[in-house]
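J.: Using only what follows, build the 3D model:
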Amino acid sequence: MTERQKMMRGELYDANNDVELINERRRCKDLCHEYNGLYPSDSQSQRALQEKIFGTIDETSVIVAPFWCDYGKNIHVGKNFFANHNTIILDGAKVQFGDNVFIAPNCGFYTAGHPIDAEKRAQGLEYAYPITVGNDVWIGAGVQILPGVTVGNNVVIGAGSVVNKDIPDNVIAAGNPCRVIKKQK
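T.: Numbering: from 1, shown residues only. Predicted structure coming up:
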């Protein structure tokens, strides 16, 4: 089994010594670098690069530079998506955003994690678990979403939250760790 196959299955894999994964990340980082160097008014070039970076992206999406991701093709974006400055998506696993998702500045979505066992961690092994964000979600400034998390539909995540567990539909959630603080109608 290849390291890529292990990565996509959520198993421990070696991203540091696998030529295929290294080359995929380099390609994506180069595209992100090019994207981040564009003039903000150059929406045509931005769109062309978004289509090269993302697995799927709708033409209604807006991503404000700087933006960084690892592979890009594992990211799937719905309609009317907005990501503000300094969005980072570590997409070793699938990251799915629904429609009408708004992301404030300095947010991170991290599918990658490392073993707690020091010996395995020292070998450079890691894992990747998917992240799913539903429809009609607002993610406040500085939010960090960790591996394996699902955020439901019609959710607001308060600024500065660290989301390490699933968040159900129709709630406002905040904190570190993030927890439901109010149900919405």
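J.: CA only for contacts and neighbour counts going forward, please
T.: Fine.
J.: Alpha carbons of the longest helix belonging to the chain, as PDB, please.
T.: With DSSP state H setting the assignment, residue counts place helix 19-36 as the longest helix in the chain. Taking Å, rounded to 0.1, in the frame of the first residue of the first chain, the C-alpha atoms of helix 19-36 are listed here in PDB:
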ATOM      1  CA  VAL A  19       8.400  11.300  -3.200                       C
ATOM      2  CA  GLU A  20       4.900  11.300  -4.500                       C
ATOM      3  CA  LEU A  21       3.500  13.200  -1.500                       C
ATOM      4  CA  ILE A  22       6.500  15.600  -1.400                       C
ATOM      5  CA  ASN A  23       6.000  16.400  -5.100                       C
ATOM      6  CA  GLU A  24       2.200  16.900  -4.700                       C
ATOM      7  CA  ARG A  25       2.800  19.300  -1.700                       C
ATOM      8  CA  ARG A  26       5.500  21.200  -3.600                       C
ATOM      9  CA  ARG A  27       3.200  21.700  -6.600                       C
ATOM     10  CA  CYS A  28       0.400  22.900  -4.400                       C
ATOM     11  CA  LYS A  29       2.700  25.300  -2.400                       C
ATOM     12  CA  ASP A  30       4.000  26.800  -5.700                       C
ATOM     13  CA  LEU A  31       0.400  27.400  -6.800                       C
ATOM     14  CA  CYS A  32      -0.500  28.900  -3.400                       C
ATOM     15  CA  HIS A  33       2.600  31.100  -3.600                       C
ATOM     16  CA  GLU A  34       1.600  32.300  -7.100                       C
ATOM     17  CA  TYR A  35      -2.000  32.900  -5.900                       C
ATOM     18  CA  ASN A  36      -0.800  35.000  -2.900                       C
END
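J.: That one packs against which elements?
T.: The helices and strands touching helix 19-36, judged by 3 or more CA pairs under 8 Å, 6 or more residues apart in numbering; DSSP states H and E, are helix 3-8, helix 43-53, strand 67-69.
J.: Sheet-wise, list the partners of the shortest one with their directions.
T.: Same thing as strand 67-69. Partners of strand 67-69 in the sheet, by DSSP bridges, are strand 87-90 (parallel).
J.: pLDDT (mean, whole number) over the strand it pairs with?
T.: Looking at strand 87-90 alone, the average pLDDT works out to 98.
J.: Send me that strand as PDB with only the CA atoms.
T.: Extracted C-alpha coordinates of strand 87-90, given in PDB (Å, rounded to 0.1, in the frame of the first residue of the first chain):
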ATOM      1  CA  THR A  87      -6.800  30.700   5.900                       C
ATOM      2  CA  ILE A  88      -4.800  27.600   6.200                       C
ATOM      3  CA  ILE A  89      -6.100  24.100   5.200                       C
ATOM      4  CA  LEU A  90      -3.900  21.100   5.800                       C
END
